[in-house]
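Peer 1: build me a structure from this.
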Amino acid sequence: MMTHMSPWLVALVAFTLVFVALGLLAALLFTLRALSVRSQRRAEPAPIDTPDEELTAVLAAAAYAALGAPVRIHRVHVHGEPAGQAWERAGRMDIMVSHRVGHK
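Peer 2: Numbering: from 1, shown residues only. Got it, this is the predicted structure:
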């Protein structure tokens, strides 16, 4: 003879199984992310030499000409990107400059 479970017990068991599965999935994702971050820290490239003073002066002068106010450069980061992306970035910069508040 087969006994029937109450609907409340079926619902409780179903919810318990779902939340246990979600908890295991979350733990797996957090573990994989931690392993990824740890492996990226090991694979970080050596820092690039700092740019010379002449380049820093040229960048400061260009920023002064663009902003119309004195600037202080704290850090210079050189991006190594393919040539095609430079055109995309130039287009985005044109759009951002055209929407600048107080643009002369």
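Peer 1: have a look at this protein and report its longest helix.
Peer 2: helix 7-42 (DSSP state H).
Peer 1: which element follows that helix toward the C-terminus?
Peer 2: For helix 7-42, the following helix or strand on the C-terminal side (DSSP states H and E) is helix 53-67.
Peer 1: next one: the one residue sitting closest to the centre of the chain, what pLDDT does it get?
Peer 2: What sits nearest the mean C-alpha location of the chain, by C-alpha atoms, centre = their mean, is Val37, with 12.9 Å. At Val37, the pLDDT value in this model is 84.
Peer 1: any idea how far Arg38 is from Gln31?
Peer 2: I think there's a mix-up here, since residue 31 is Thr and not Gln. 11 Å (C-beta to C-beta, to the nearest Å). The way it works is simple: take the backbone N, C-alpha and C, and place the C-beta from them, glycine included.
Peer 1: can you check Ala65 too?
Peer 2: 44 Å.
Peer 1: what does Met5 give?
Peer 2: Computed as C-beta to C-beta, the Met5 to Arg38 distance reads 46 Å.
Peer 1: domain map for the chain?
Peer 2: 1-44, 53-98 (automatic domain parsing).
Peer 1: of those, which shows the lowest average pLDDT?
Peer 2: Of all the domains of the chain, domain 53-98 has the smallest average pLDDT, which comes to a mean of 82.
Peer 1: got the end-to-end distance for that domain?
Peer 2: 31 Å (C-alpha to C-alpha, to the nearest Å).
Peer 1: quick one: that domain to chain centroid distance?
Peer 2: With C-alpha atoms, centre = their mean, to the nearest Å as the basis, domain 53-98 stands 20 Å off its chain's centre.
Peer 1: so what's Met5 up against?
Peer 2: Val13 (C-beta atoms under 8 Å, 6 or more residues apart in numbering).
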